[in-house]
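**Q** let me see the structure of the following:
(one chain, ligands or ions: 1)
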Amino acid sequence: MGYERTDIEGMAGYVYGEQPDDPTVVKLNTNENPYPPSPAVRQALHRFDADTLRRYPPATAEPLRRLVAERLGVSPEQVVVTNGGDEALRLAITTFVDPGATFGSTDPGYSLCPVLAGVLGCAIEAIPVTADWSVPGDFARRLNACGAKLACVVNPHAPSGTLVDAGTIAALAGELDGVLLVDEAYVRGHDLTALLADHDNVLLLRTLSKGYSLAGLRVGFLVGDAGLVDPVLTKTRDSYNVDAIAQALGAAAYADLDHARETWRAVRQERRRLVDERRRRTSSSPKSSAITRRRRSSTVSGNAASSCAISTHPAWRRACA
Ligand SMILES: Cc1ncc(COP(=O)(O)O)c(C=O)c1O
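**A** Model prediction:
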């Protein structure tokens, strides 16, 4: 018996995505961008003055926060910059779900969520997605029935890639009694920020890990009504949650939208080629690039594998088989 809390001792931790060194491995398991970040990131790194590291970084990550707000057409008070999307999730659960209360998600969803909910002493209600991987019509009703304070929908959904349209998200937000967190880690051009004007219970999660090729840097953000963002910004987050280098390089990457878009175009093109080629070889195609395997071993690791462990959904079982 160790010194940790009894529930921590009894819980399984998050299974990190395997990070192999072998250059022959086609690494798709944690959905990093295969293309490098903007050249502006390299320049910002070279320009970065190490002497400034003796001081704390801007506490609210200005000017990156303002840049995000400007791009999304919201006020800076509606944005909180975080140490990756994972911290954003942890902050959302910490801020909105009382210990012992319920956190809702789809099943499968992002496999870190049940771990975070467990660490924070929350119950989790995971509602299976439908056979076509959509959010079920009774999602909000079922979560309201168990008093869920926060519900997370990954959109586009991981691992299937299914996109829930803005109208459905708006209807969900209108029906849910608690906060709706839309995890847009894999956002691809659609924009739900217009919903924020009408729904004070919607929080959008974005990350620079995937679309901006910065998984190694750890920058994400939450966007929502100022009333939702304020307690995260002023109470639950660490005072200096995003380090100075991450702020500087994150701002450089985020400012170069053209470069990011170019990598998205290349990824889409390569995905089409991969699917076509697989279809040609096996006459059955993978539903999503998120479902991946190592080339020479049959191990599935990272998000996909740990989602397998929590999911009982038949479609997901088939995908993992
Ligand atoms: C669905 C989903 N949400 C959020 C994240 C968090 O990303 P990060 O912490 O790298 O910003 C991931 C990362 O794999 C993810 O798959």
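**Q** for residue 133, which non-adjacent residue is closest in space?
**A** Nearest non-adjacent residue to residue 133, counting by C-beta to C-beta, 6 or more residues apart in numbering: residue 160, 3.8 Å away. Glycine gets a C-beta too; all of them are placed from N, C-alpha and C.
**Q** on the three-state scheme, that neighbour is what?
**A** Here residue 160 is recorded as coil under DSSP: H, G, I helix; E, B strand; the rest coil.
**Q** per-residue pLDDT, it?
**A** Note for residue 160: predicted pLDDT of 90.
**Q** from residue 135, how far off is it?
**A** Using C-beta to C-beta, to the nearest Å, we find residue 160 at a distance of 11 Å from residue 135.
**Q** try residue 234
**A** Counting by C-beta to C-beta, the gap from residue 234 to residue 135 is 32 Å.
**Q** equivalent analysis for residue 159, please.
**A** Distance from residue 159 to residue 135, by C-beta to C-beta: 15 Å.
**Q** who has more neighbours, these two?
**A** Legend: neighbour count by other C-beta atoms under 10 Å for residue 159 and residue 135, higher for residue 159 (28 against 21).
**Q** my guess is the more buried one meets residue 107, correct?
**A** No. Residue 159 is beyond contact range of residue 107, at 11.7 Å (criterion: C-beta atoms under 8 Å).
**Q** need the contact list for residue 7.
**A** Listed by C-beta atoms under 8 Å, 6 or more residues apart in numbering, the contact set of residue 7 reads 118, 121.
**Q** which of the helices or strands spans it?
**A** Using DSSP states H and E, residue 7 falls within helix 6-10.
**Q** let's see that helix as PDB, backbone CA atoms only.
**A** Taking C-alpha atoms only, helix 6-10 is exported to PDB below (Å, rounded to 0.1, in the frame of the first residue of the first chain):
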ATOM      1  CA  THR A   6      -7.000   5.100  -2.200                       C
ATOM      2  CA  ASP A   7      -8.900   5.900  -5.400                       C
ATOM      3  CA  ILE A   8      -5.700   7.000  -7.200                       C
ATOM      4  CA  GLU A   9      -4.100   3.700  -6.000                       C
ATOM      5  CA  GLY A  10      -7.000   1.800  -7.500                       C
END
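**Q** next helix or strand past it?
**A** Counting by DSSP H and E, what follows helix 6-10 is helix 39-47.
**Q** that next one: how far from the chain's middle?
**A** Centroid displacement of helix 39-47 relative to its chain, using C-alpha atoms, centre = their mean, to the nearest Å, is 25 Å.
**Q** got a list of contacts for that helix?
**A** 214, 245, 248-249, 251-253, 255-256, 259.
**Q** how about a cut-off of 6 Å?
**A** 248-249, 252-253, 256 (C-beta atoms under 6 Å, 6 or more residues apart in numbering).
**Q** ditto for stretch 81-92
**A** Residues contacting stretch 81-92 (C-beta under 6 Å, 6+ apart): 61, 64-65, 116, 181, 185, 205, 207, 218, 220-222, 232, 236-237, 241-242.
**Q** restricting to those residues, which residues neighbour the ligand?
**A** By C-beta under 6 Å from any ligand atom, the members of the contacts of stretch 81-92 lying near the ligand are 185, 207, 220.
**Q** how about the second one, phi and psi?
**A** I take that to be residue 207. In this entry, residue 207 is assigned phi and psi values of phi -140, psi 150 (degrees, to the nearest 10).
**Q** is it true that it touches residue 219?
**A** No. Residue 207 is not in contact with residue 219 according to C-beta atoms under 6 Å; the separation is 7.2 Å.
**Q** out of the two, which sits in the more crowded spot?
**A** residue 219 (28 against 24).
**Q** now the more buried one: how far from residue 231?
**A** 21 Å.
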